[in-house]
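Q: Have a look; sequence and predicted model below, questions after that.
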Amino acid sequence: MIIVGAGIVGAAIAYYLTRVGVRVTLLEAQAPAAGASGASDGAISVASKRPGPMMALACEARTLYGQWVDQGIMRDIYHPRPTYLFARTDEEVAVIAHQGSDLMELGERILPLTHAELMQRVPGLGRHVLAGMKVPDDGHALGYQVVDRLLQASGAQVLRNTPVLRLALSDDKVVGVVTSSGTLVADRVVVAAGLGSGSLSGFQAILIPRKGQLVVTDRASLTGAALRGPLLSAGYLAAKRRMVLGQSSTSLVIDPLATGQFLIGSSRETGFADRQTDVQTVSTLLREAMAVYPALARQRVIRTFAGIRIGTQDGLPIVGRHPTLPGLFIATGMEGDGICLAPVIGSAVADMVLDQTPRFDVSALNPGRFGAVSVRQAN
Ligand SMILES: Cc1cc2nc3c(=O)[nH]c(=O)nc-3n(C[C@H](O)[C@H](O)[C@H](O)COP(=O)(O)OP(=O)(O)OC[C@H]3O[C@@H](n4cnc5c(N)ncnc54)[C@H](O)[C@@H]3O)c2cc1C
C-alpha cells in the first residue's frame, strides 16, 4: 500500500492503516511536513468552519484529537482552548450571529459577548472591536508536531526525497507509482500530495493554490500562551462562508502560541504557489493586528513565512476513490482546515482503502462530484 505525500493527511491515513496491520510506504518528495503542514497555524477549530459538512467533520475531528491525547499520541502538543470571534462593523456582527446559530445547531457551546465583556476577557483589545463571541471548546496543535507523532505511532516506512513522477498503470488500473529511482508496485495508491496532487490525479484544473503569509513575534509571556485563545475576525468567517464584506473586513487571526509568542496571519492570495513573503503584505497584517489588539505594539517580529493552502472550486476537499482509475484514492483540497480535519480524513480514507464503509460521512467530498477527470500519463 503506497501513500504519496507525508503531510498531515498522508500521515493520518498511514496511522489508521498500520493500526489494522496494513504495511504502508509513504513516498515523500522532500521530508515529512515539508508542505502546508509545516507552514501553517494549527487551529483545531469548529468555530471557524463553514457550516455544513466542514463544520460537522471538524467537530468529529476535534473529538478524535481529544482521544489521541487520552491515548498518549498527542500528549503535550494538543492544547484545548477557546476561540474568540470578533466584529468591527455592524455587518460583521451579523456574520458572527449567523455563525453562532450554525454552531448552536450543531450542539456547539457559544457565548455571545458585548464590547465590554470582550474587553474584560481579552485585556488590551482595541476600541474598534464592537462585539464578539467565545466558542469555548476548540483546540490547537502544530501541524509538523502532529505529523511527527503520527509517523512515530504508525511505524510506516517513509521514503524521503522520493518524488512520485507519475502513476504506473496497467489495463487502465493503478498498479503502483514511478519514481526517479524506479517503479514501486502496489494494488492501492493514495495521493495525499497537497500541491502535487493535481498533476498526479488529473485534478489540476479543480485545485486552487492560495498562499498565506504569517508573522511570528517574540514572547509576550514566559509562562505559556499570552491570551486564553485566538482572536479570529468576522472577515475570516466571511471568507469561509464565501461572503464579500466591506473593505475593512480582512481575514485576520491573532493566535497566542503555547510558547508565549503570537502567530499573526494570514493573507489569502489566490493563484499564488510561491512561498515568498513581502513587506507590503506583512505590514498590512501587522497594521490590522495592532488596530484590533494594540498590546501587540510591545512585541518584535522575529520571523515571517508563507504556506500554500490547496483549495477547490467548490470549497470542499476532494476525498475518496478516484472517479475513473480503479486502485487510486485521493485526499487533498483541505485549504485552511487540514490540520483540524486530518483525523477524520485519515480514518475515512483508511476505511475506503479497506473496502469498508467510512466511520465518518465524507460523501460530500466525493471526487466523483466533478465528473470524470482524465489522468494523462504514460504506462
Ligand atoms: C498560512 C496557513 C495557515 C493555515 N492554518 C491552519 C489552521 O489553523 N488550521 C488548520 O486546520 N489548517 C490550517 N492550514 C491548512 C493546513 O496546513 C493544510 O490544509 C494541511 O497542512 C494540508 O495537509 P496535506 O497533507 O494535504 O498537504 P501538505 O502538508 O502540503 O503535504 C503534502 C506532501 O506531499 C509532498 N509531495 C508533493 N508532491 C509530491 C510527489 N509528486 N511525490 C511525493 N511527495 C509529494 C509534499 O512535499 C508534502 O510534504 C493552514 C495553511 C496555511 C498555508
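A: The structure has been received and is ready for your questions.

Q: State the number of residues packed around residue 164.
A: 25 (other Cβ atoms under 10 Å). Any C-beta I mention is one placed from the backbone N, CA and C, and that applies to glycine too.

Q: Sorry, wrong one. I was asking about residue 344.
A: Residue 344 has 25 nearby residues by other Cβ under 10 Å.

Q: Mind pulling up the pLDDT for it?
A: We have a pLDDT of 98 for residue 344.

Q: Check residue 196 too.
A: Reported pLDDT for residue 196: 96.

Q: Now for it: which residues touch it?
A: Contacts for residue 196 were tallied using Cβ atoms under 8 Å, 6 or more residues apart in numbering; they are 4, 5, 29, 163, 164.

Q: Residue 234: neighbour count?
A: For residue 234, the count of nearby residues is 32 (other Cβ under 10 Å).

Q: Please, a ChimeraX command that selects the buried ones among the contacts of residue 196?
A: Typed into ChimeraX, the line below selects the buried ones among those, using 16 or more other Cβ atoms under 10 Å:
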select :4,5,29,164
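
Q: The host helix or strand of residue 284 packs against which elements?
A: Taking DSSP states H and E as the criterion, residue 284 maps to helix 279-292. Secondary structure elements in contact with helix 279-292, counted by 3 or more Cβ pairs under 8 Å, 6 or more residues apart in numbering; DSSP states H and E, are strand 207-217, strand 262-265, strand 301-312.

Q: go with 7 Å
A: strand 207-217, strand 262-265 (3 or more Cβ pairs under 7 Å, 6 or more residues apart in numbering; DSSP states H and E).

Q: So which of the ones you listed is the most surrounded?
A: Mean neighbour count, computed with mean count of other Cβ atoms under 10 Å, is highest for strand 262-265 among those, reaching a mean of 26.

Q: And the helices in this structure, which stretches?
A: 8-19, 53-70, 90-105, 115-121, 143-154, 197-201, 234-240, 279-292, 338-353 (DSSP state H).

Q: Buried residues in the third one, which are they?
A: Residues of helix 90-105 classed as buried by neighbour count (16+ other Cβ under 10 Å): 91, 92, 93, 95, 96, 99, 100, 102, 103.

Q: Which residue is the nearest non-sequential neighbour of the fourth one?
A: Yep, that's residue 95 we're talking about. residue 234 (4.4 Å; Cβ to Cβ, 6 or more residues apart in numbering).

Q: Equivalent analysis for the first one, please.
A: Setting aside the residues directly before and after it, residue 91 is nearest to residue 245 in space (Cβ to Cβ, 6+ apart), at 5.5 Å.

Q: give the contact list for the one you found.
A: Residues near residue 245 by Cβ atoms under 7 Å, 6 or more residues apart in numbering: 91, 92, 235, 238.

Q: Could you verify my assumption that the first one touches residue 243?
A: Which is residue 91. No - Residue 91 lies out of contact with residue 243 (Cβ atoms under 7 Å); the separation is 9.2 Å.

Q: who are the neighbours in contact with residue 339?
A: 8, 37, 40, 42, 44, 141, 143, 146.

Q: Try it again at 8 Å.
A: 8, 37, 40, 41, 42, 43, 44, 141, 142, 143, 146.

Q: okay if I get these as TSV plus distance to residue 305, pLDDT and neighbour count?
A: Below are the contacts of residue 339 laid out as TSV (distance: Cβ to Cβ, whole Å; pLDDT from 0 to 100; neighbours: other Cβ atoms under 10 Å):
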residue	distance to residue 305	pLDDT	neighbour count
8	17	98	33
37	13	98	28
40	10	96	26
41	11	96	21
42	14	97	24
43	16	97	26
44	20	98	28
141	18	97	24
142	13	97	22
143	13	98	24
146	18	98	26
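
Q: out of the residues you listed, which one sits closest to residue 272?
A: For these, the minimum distance to residue 272 (Cβ to Cβ) is 15.3 Å, reached by residue 40.

Q: residues touching that closest one, list them.
A: 143, 212, 214, 307, 309, 336, 338, 339.

Q: For residue 126, give its distance to the ligand.
A: Separation of residue 126 from the ligand (Cβ to the nearest ligand atom, to the nearest Å) stands at 22 Å.

Q: if we can go back for a sec, which stretch among the helices and strands packed on helix 279-292 comes nearest the ligand?
A: Shortest distance between the ligand and the helices and strands packed on helix 279-292, using Cβ to the nearest ligand atom, is found for strand 207-217: 2.7 Å.

Q: Does anything pack onto the closest one? Which helices or strands?
A: Using 3+ Cβ pairs under 8 Å, 6+ apart, strand 207-217 is in contact with strand 262-265, strand 269-270, helix 279-292, strand 301-312.

Q: at 10 Å instead, please
A: On a contact count with 3 or more Cβ pairs under 10 Å, 6 or more residues apart in numbering; DSSP states H and E, strand 207-217 meets helix 197-201, strand 253-256, strand 262-265, strand 269-270, helix 279-292, strand 301-312.

Q: if we can go back for a sec, now render the helices and strands packed on helix 279-292 as a markdown table, adding mean pLDDT and distance to residue 135.
A: Formatted as a markdown table, the helices and strands packed on helix 279-292 follow (pLDDT from 0 to 100; distance: least, Cβ to Cβ, whole Å):
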| stretch | mean pLDDT | distance to residue 135 |
| --- | --- | --- |
| strand 207-217 | 97 | 22 |
| strand 262-265 | 97 | 19 |
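
Q: Output those strands as JSON lines; include the columns distance to the ligand.
A: Formatted as JSON lines, these follow (distance: least, Cβ to the nearest ligand atom, whole Å):
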{"stretch": "strand 207-217", "distance to the ligand": "3"}
{"stretch": "strand 262-265", "distance to the ligand": "5"}
